[in-house]
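Asker: quick one: sequence and predicted model below, then my questions.
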Amino acid sequence: MDIGAQLRKVIDVAIEAPVVTSFTRIGHDVRSRLEGWTAPAAGSMAGRVVVVTGGTSGLGRVAARELAELGATVVITGRDAKRTTAVAAELSTATGIAVEAETADMGNLVEVRALADRLAARHPAIDVLVHNAGALSNERRTTGDGIEQTVASQVVGPFLLTSLLLPALRAAAPSRVITMSSGGMYASNLEVDALEMDAGSYKGAEQYARAKRAQVTLNEMWAERFDASGIVFHAMHPGWADTPGVEESLPTFRKIVGPLLRTPEQGVDTLVWLATDSGEPSTASGSFWLDRRRRSLHRLPTTRRTDTPERRAALWAWCVERAGIDPAAVPS
């Protein structure tokens, strides 16, 4: 490692230690200048198919727009058909690329299965699958499948969709699956038996963090179990970005942090880079990213102690049972 690279790493570590400098726009601004980030080349995604769940607002919508601007055929999903169709039309007009709309609630497993069928029929090869759907709810709800809503939409639904789209992802190999997680997972243990909080102890922010912790652990496990598939798996967090979801679910946090919040464009920078870059993102499967660098899954020894092989195996088995599918049994 040359002296310049060593210095950049030292500065990055210094920024990473305090959450405020790392997760806010300060971290993005300093790192982008320090590393000399460049934008993807125009047309670099031409001929590629990208699916973005939760693409009607916030980070998902911005990511869909930027990937379409690079020439990708983008499919966005949303729960409301009218809204999803309208957003797809707006993105198509803005980018000059026909953005497709698909309706599905990622917490409804019947709808996820139907979505996978439609996607596979229209796009036998899918280059990038972005799991972005999901929100923080302050009220406990369960789905028709009897699963807590946050866990259903952010853990079980994505597990099912990835499993069903394995043939399409293999057909496009080298392909990528990218999960939009959250820095909030750093405060949460890896849970299986207590992954779904009960009504008596339910706190929306904690439930969200548990789901996000499960996401990043599963990302590593997908990479381990499907390392020969030609599919690269990534998880990342966007830092603290100013989105409609933050405004609605965390108004006090938004008011306090205020101007330090990242723009949505800054929030999706790493996601777009992971979807397009031919360097590390094309090979570093199972990694967890912030600001174009791989990060540890743990900041606290308490969370590290819960991340055991036994608990990981139990989480995978739990997902197989809830989703009703074993990815290992999906035909190539």
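Answerer: On my side now, so go ahead.
Asker: so which residues of the stretch 151-300 of the chain form helices?
Answerer: Listed in chain order, the helices of the stretch 151-300 of the chain (DSSP state H, counting those that start in this stretch) span 157-164, 166-171, 204-225, 244-249, 251-257, 264-276.
Asker: could I get those as CSV with mean pLDDT?
Answerer: Formatted as CSV, the helices of the stretch 151-300 of the chain follow (pLDDT from 0 to 100):
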stretch, mean pLDDT
helix 157-164, 98
helix 166-171, 98
helix 204-225, 97
helix 244-249, 70
helix 251-257, 74
helix 264-276, 97
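Asker: which among those helices is found nearest to Val30?
Answerer: Between Val30 and the helices of the stretch 151-300 of the chain, the shortest gap by Cβ to Cβ is with helix 264-276, which sits at 11.9 Å. (Glycine included, C-beta is placed from N, CA and C.)
Asker: next one: that closest one to chain centre, how far?
Answerer: 11 Å (Cα atoms, centre = their mean, to the nearest Å).
Asker: go on, stretch 94-104?
Answerer: Using Cα atoms, centre = their mean, the offset of stretch 94-104 from its chain centre is 19 Å.
Asker: first to last residue in stretch 224-235, what's the distance?
Answerer: Stretch 224-235 has an end-to-end distance of 14 Å (Cα to Cα, to the nearest Å).
Asker: and for that stretch, what's in contact with it?
Answerer: 166, 169-170, 173-179, 181, 215-216, 219-220, 222-223, 274, 281-289, 327-328 (Cβ atoms under 8 Å, 6 or more residues apart in numbering).
Asker: just the buried subset of the residues you listed, please.
Answerer: Burial by neighbour count, 16 or more other Cβ atoms under 10 Å: within the contacts of stretch 224-235 this picks out 166, 169-170, 175-179, 181, 215-216, 219-220, 222-223, 274, 281, 285-289, 327.
Asker: returning to that earlier point: so which of the helices of the stretch 151-300 of the chain is nearest Ser92?
Answerer: Taking the helices of the stretch 151-300 of the chain one by one with Cβ to Cβ, helix 264-276 is closest: 18.5 Å.
Asker: got the CA positions of that closest one in CSV?
Answerer: The C-alpha trace of helix 264-276 is given here as CSV (Å, rounded to 0.1, in the frame of the first residue of the first chain):
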residue,chain,number,x,y,z
PRO,A,264,-30.9,11.1,-1.4
GLU,A,265,-28.4,11.2,-4.3
GLN,A,266,-25.6,10.9,-1.7
GLY,A,267,-27.5,8.1,0.0
VAL,A,268,-27.6,6.0,-3.2
ASP,A,269,-24.1,6.7,-4.4
THR,A,270,-22.7,3.4,-3.1
LEU,A,271,-25.7,1.4,-4.3
VAL,A,272,-25.2,2.7,-7.9
TRP,A,273,-21.5,2.1,-7.7
LEU,A,274,-22.1,-1.5,-6.5
ALA,A,275,-24.4,-2.0,-9.4
THR,A,276,-22.2,-0.6,-12.0
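Asker: show me where this protein dips below the pLDDT cut-off.
Answerer: For the chain, applying pLDDT under 70 flags the ranges 1-4, 6-7, 10, 14, 247, 249-250, 253.
Asker: strands of that one, start to end?
Answerer: Ranges of strands in the chain, per DSSP state E, are 49-52, 73-78, 100-103, 128-131, 175-180, 231-236, 287-290, 293-294.
Asker: hey, what's the nearest residue in space to Val128 that is not next to it in sequence bridged with?
Answerer: Computed as Cβ to Cβ, 6 or more residues apart in numbering, the closest residue to Val128 that is not its neighbour in sequence is Val50, at 4.3 Å. Beta-bridge pairing for Val50 (DSSP bridges): Val74, Val128.
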